[in-house]
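K.L.:
For reference, the sequence and a predicted model appear below.
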Amino acid sequence: MMKYKVQTLYEDATKGYGANVILEGINYDESSAKAKEIAQKTGATMIHAFDDPQIIAAQGVIGLEILEDLPDVDEVYVPIGGGGLAAGVLIAIKEKNPNIKVIGVQSRSFPSMYESLKNGSLTSSGGARTIADGISVKIPGQITFSIIKELIDEIVLVDDSEIIKAMFLLMERMKFVVEPAGVVGLAYLLSAKPSPGKKVVAILTGGNVDMYLLGQIVDKGLATMGRLLKLSILLPDRPGAFKEIVDEISAANANIVEVVHDRLSSNISAGSAGVTLSLETQGKEQADKLIETLQKKNIQFSLMT
């Protein structure tokens, strides 16, 4: 139950199943508080998102499936928000083979379980903006904390840029759409790079991605890999000036995907024209070569990506 300015597709889909949807709060903790209030007023049963023995046990099935498919796995990476998934997976795996290393992964913006383990008690932490809203939990569960504290090998943190890269690679190479919270395990693996020869599993969970966010992920993923270059260029306002730029771009084998031409903004002096170019390149090496060429031509520009 989260409060957004724009009605989401998921809200419409849930209503389509006959549910009464109430949007309240900007993160899990605020939404959960409202749900508890409604349950107390109406007598409805409150099903906790993670701090419930049956919820934990059900999610532990994932750990059993991992062992069934890959019994000699060395390491398992699991997302942590409130800790329900991690607690269940830990119990299932450690009961079968305590030597398997289980690593929890949290968003650097909401490191509540990480901080709780460090302090030895439940600790409220987080609140910065993050795309991983599915694990944006300020205070872990009491049950999940006690399980994770006893069994977890390590908890690590990732930031949004690492999450974006992992989401982008999954979409491009595997044709998988995984939500930001569910891809944090892979995000850490891509940045940390486990030792060669190890058998590792990164649990991917959930596909709730707003379509507008998905478009941003693609653009930012391309930019991070040097395949989308955005330049702001100041040109003399004369015939042929822009053609000189286009010729250099063409010679570098880059592709123009968007052009914005501006003469009227207050920051552009008379006799000049501002051009914003979005360019598709084959990678960072090609992008760097084009930037170097423009610099040698004494073209005034700034990088926007």
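P.N.:
All right, it came through fine. Residues are numbered from 1 along each chain as shown.
K.L.:
residues making contact with stretch 213-221?
P.N.:
131, 164-165, 167-169, 171-172, 177, 209, 228 (C-beta atoms under 8 Å, 6 or more residues apart in numbering). Every residue, glycine included, has its C-beta placed from N, CA and C.
K.L.:
whoops, I mixed them up, stretch 231-244
P.N.:
By C-beta under 8 Å, 6+ apart, the surrounding residues in contact with stretch 231-244 are 245, 261, 263, 268, 271-277, 279, 294, 297, 299-304.
K.L.:
Buried members of those residues into ChimeraX, please.
P.N.:
Selection of buried members from the contacts of stretch 231-244 for ChimeraX, criterion 16 or more other C-beta atoms under 10 Å:
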select :245,272,273,274,275,276,277,279,294,299,301
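K.L.:
Cross the contacts of stretch 231-244 against helices and list the overlap.
P.N.:
245, 294 (DSSP state H).
K.L.:
The chain: helices as residue ranges?
P.N.:
In the chain, the helices defined using DSSP H lie at 9-16, 28-42, 53-59, 61-69, 84-96, 112-119, 142-151, 160-169, 184-192, 211-224, 241-251, 284-296.
K.L.:
how about stretch 91-103: buried residues?
P.N.:
In terms of neighbour count (16+ other C-beta under 10 Å), stretch 91-103 has its buried residues at 91-94, 100-103.
K.L.:
give me the low-pLDDT residue ranges for the protein?
P.N.:
The model of the chain has pLDDT under 70 over residues 1-10.
K.L.:
dump the residue contacts of Ile147.
P.N.:
Applying C-beta under 8 Å, 6+ apart to Ile147 gives the contacts 56, 83, 87, 90-91.
K.L.:
any chance of the residues you listed in JSON lines, plus distance to Gly221?
P.N.:
Shown next, in JSON lines, are the contacts of Ile147 (distance: C-beta to C-beta, whole Å):
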{"residue": "Ile56", "distance to Gly221": "34"}
{"residue": "Gly83", "distance to Gly221": "29"}
{"residue": "Ala87", "distance to Gly221": "32"}
{"residue": "Leu90", "distance to Gly221": "31"}
{"residue": "Ile91", "distance to Gly221": "35"}
